[in-house]
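**Student:** model this:
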Amino acid sequence: MQLILEETLGHFEKLDIIQKLIVKLITNEYFAWTCLVLIVSQNNWKRPINFLLILHWLLRSIGDMFLNSFGLFEKENKIFPFSNKGSLYSFGVASIFWYSGEIIGDWYFLIRSKVLVRNKKKLRWVFYICLGYNLVKIAQIFIFLSFVPFPKGYSDTDPIQESYVTLNIGKHTFRKWVDVALQQIFSLAYDISVIIVLKNNVFNKMKNLNINENKENTFLIKFKQISEYRIYMSILVTIIGAPFIFGFCLEILYLVNQEYPIEDFERIKKLQVYSSEVNVEGIRVCILTFNYMFMYIDQILLRFFVEDNKPQKKISNSYTYNKNSSHNYNMVYHKFLNYDELEKQNLNNFSVSK
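**Tutor:** Numbers count the residues shown, from 1 in each chain. Now for the predicted structure:
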């Protein structure tokens, strides 16, 4: 009777896990933002940038689904992650989708910059840093996929083998967080390279044009403001979180490189506690969520600015319609006209201050 009851409870527990896997697409933190972007872009939802945001949400959600499938695998050992199969097919496969989604999201800055600055030479450092950033994340995928926590023939009853497994998990944790630290460095360099390119090739050129504070031109001003604030806030959040991440890496490095007598279970237990990485993982996730969330907010704000700055046709005795008034938002949101082209088109309408 007890055996039947345990099997029934186990069956319901697995059904509960499967249900949680399915709803992960909806409960993911980016789902609501994705829907909001599509709602405000309903008349122009097929833009490439929208597909990028959808793909980012979808890949991240699928990664979360694989992570939550961890409970479906049999616990073969008493030490987390309990089995090699659970580690590979849950965390390992999840990392493919997680970091692929992040890589897609990282392209957002590059695409936004390319829309405004068509000169490839001016964007080459942004491209190289973005590529390096992507490669670091691809390396993280291989770190997850190559991790085998338990050797063949492992037995829970042997404390010596348990110590070896703890040391192995500690080394994996160190490799993983060194990669995370490199990601923070590339993230910071990426943000700085983008703001430098935009300042030199877009924002500074705005100062050279006599742009009045009228309705048609406030779009460029607002676009400049949200672009700068978004990048500066991203840099600030990364800098605030960096000491915790680098400090954790140094602590793990110190613990992993200690000369442990294999029977020194007390000190090895300390390494096992640090390898759980609960607190610092929360900081890493907060930094990522903040940065990627602003992609969606950025597009929503741009959409509202576009609606506020649409040129109005004036029909009276004489029909007047200023084509140039549409360039300010079209170059960012619709037609992707760059600023060099805008200068040529508006040469007779704007006076260039030298």
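**Student:** Figure out the helix or strand that residue 63 lives in.
**Tutor:** Here residue 63 sits within helix 48-68, counting by DSSP states H and E.
**Student:** Give the rounded mean pLDDT of that helix.
**Tutor:** Regarding helix 48-68, the rounded mean pLDDT is 91.
**Student:** what pLDDT, on average, does the helix or strand that it is followed by get?
**Tutor:** Using DSSP H and E, the helix or strand that follows helix 48-68 in sequence is helix 84-86. The average pLDDT within helix 84-86 is 85.
**Student:** May I see the buried residues of helix 84-86?
**Tutor:** Neighbour counts over helix 84-86 (16 or more other CB atoms under 10 Å) mark 84, 86 as buried. Any C-beta I mention is one placed from the backbone N, CA and C, and that applies to glycine too.
**Student:** how about the helix or strand that comes right after it: buried residues?
**Tutor:** Once the chain leaves helix 84-86, the next helix or strand it forms, by DSSP H and E, is helix 93-116. With burial defined by 16+ other CB under 10 Å, the residues of helix 93-116 counted as buried are 93-110, 112-116.
**Student:** Can you show me the helices along the stretch 151-300 of the chain?
**Tutor:** For the stretch 151-300 of the chain, the helices defined by DSSP state H, counting those that start in this stretch occupy 159-198, 204-207, 218-256, 265-274, 278-308.
**Student:** Can you tell me which of those is nearest to residue 151?
**Tutor:** Of all those, helix 159-198 sits nearest to residue 151, with 7.3 Å by CB to CB.
**Student:** one step back: tell me which of the helices of the stretch 151-300 of the chain is the most buried.
**Tutor:** helix 159-198 (a mean of 19; mean count of other CB atoms under 10 Å).
**Student:** just the angle between that one and helix 218-256, please?
**Tutor:** Relative orientation of helix 159-198 and helix 218-256, computed by axes from the mean of the first three to the mean of the last three CA atoms, to 10 degrees: 150 degrees.
**Student:** show me what contacts residue 77?
**Tutor:** Residue 77 makes contacts with 83, 150, 154, 156, as judged by CB atoms under 8 Å, 6 or more residues apart in numbering.
**Student:** Let me know the closest of the residues you listed to residue 229.
**Tutor:** Of those, the one sitting nearest to residue 229 (CB to CB) turns out to be residue 83, at 46.4 Å.
**Student:** what's the closest non-adjacent residue to that closest one?
**Tutor:** Leaving out its chain neighbours, the residue that sits closest to residue 83 by CB to CB, 6 or more residues apart in numbering is residue 76, at 4.2 Å.
**Student:** Give the helix, strand or coil label for residue 39.
**Tutor:** State at residue 39, reduced to three classes by DSSP: H, G, I helix; E, B strand; the rest coil: helix.
**Student:** ok, now how distant is it from residue 61?
**Tutor:** Separation of residue 39 from residue 61 (CB to CB, to the nearest Å) stands at 19 Å.
**Student:** more crowded one of those two?
**Tutor:** residue 61 (20 against 11; other CB atoms under 10 Å).
**Student:** got the contact list for that one?
**Tutor:** 24, 25, 28, 30, 31.
**Student:** now do 6 Å
**Tutor:** Each residue near residue 61 by CB atoms under 6 Å, 6 or more residues apart in numbering is listed here: 24, 25, 28.
**Student:** Pull up the gap between it and residue 21, please.
**Tutor:** Where residue 21 is concerned, residue 61 sits at a distance of 10 Å (CB to CB).
**Student:** same check, this time on residue 183
**Tutor:** 27 Å.
**Student:** Residue 128 now?
**Tutor:** Distance from residue 128 to residue 21, by CB to CB: 38 Å.
**Student:** Look at these two and report which has more neighbours.
**Tutor:** Per other CB under 10 Å, whichever of residue 128 and residue 21 has more neighbours is residue 21, with 18 against 12.
**Student:** thinking again about what came up before, can you flag the buried ones in the contacts of residue 77?
**Tutor:** Buried by 16+ other CB under 10 Å: 83, 150, 154, out of these.
**Student:** Of the residues you listed, which is the nearest to residue 230?
**Tutor:** Taking CB to CB as the measure, residue 230 sits nearest to residue 83 out of the buried ones among the contacts of residue 77, at 42.3 Å.
**Student:** my read: that closest one touches residue 72, true?
**Tutor:** No. The pair residue 83 / residue 72 is not scored as a contact, 11.2 Å apart, by CB atoms under 6 Å.
**Student:** wait, residue 75 sits on residue 85?
**Tutor:** No. The criterion here is CB under 6 Å, and residue 75 misses it with residue 85 at 10.6 Å.
**Student:** Mutual contacts of these two, please.
**Tutor:** Here residue 75 and residue 85 share no contacting residue, scored by CB under 6 Å, 6+ apart.
**Student:** residue ranges with poor pLDDT in this structure?
**Tutor:** By pLDDT under 70, the weakly predicted segments of the chain are 1-14, 203-227, 258-278, 305-354.
**Student:** Give me the contacts around stretch 139-159.
**Tutor:** For stretch 139-159, using CB under 6 Å, 6+ apart, the contacting residues are 77-78, 81, 84, 87, 91-92, 95-96, 99, 161, 169, 172, 175-176, 179.
**Student:** so how far does it reach from one end to the other?
**Tutor:** Stretch 139-159 has an end-to-end distance of 32 Å (CA to CA, to the nearest Å).
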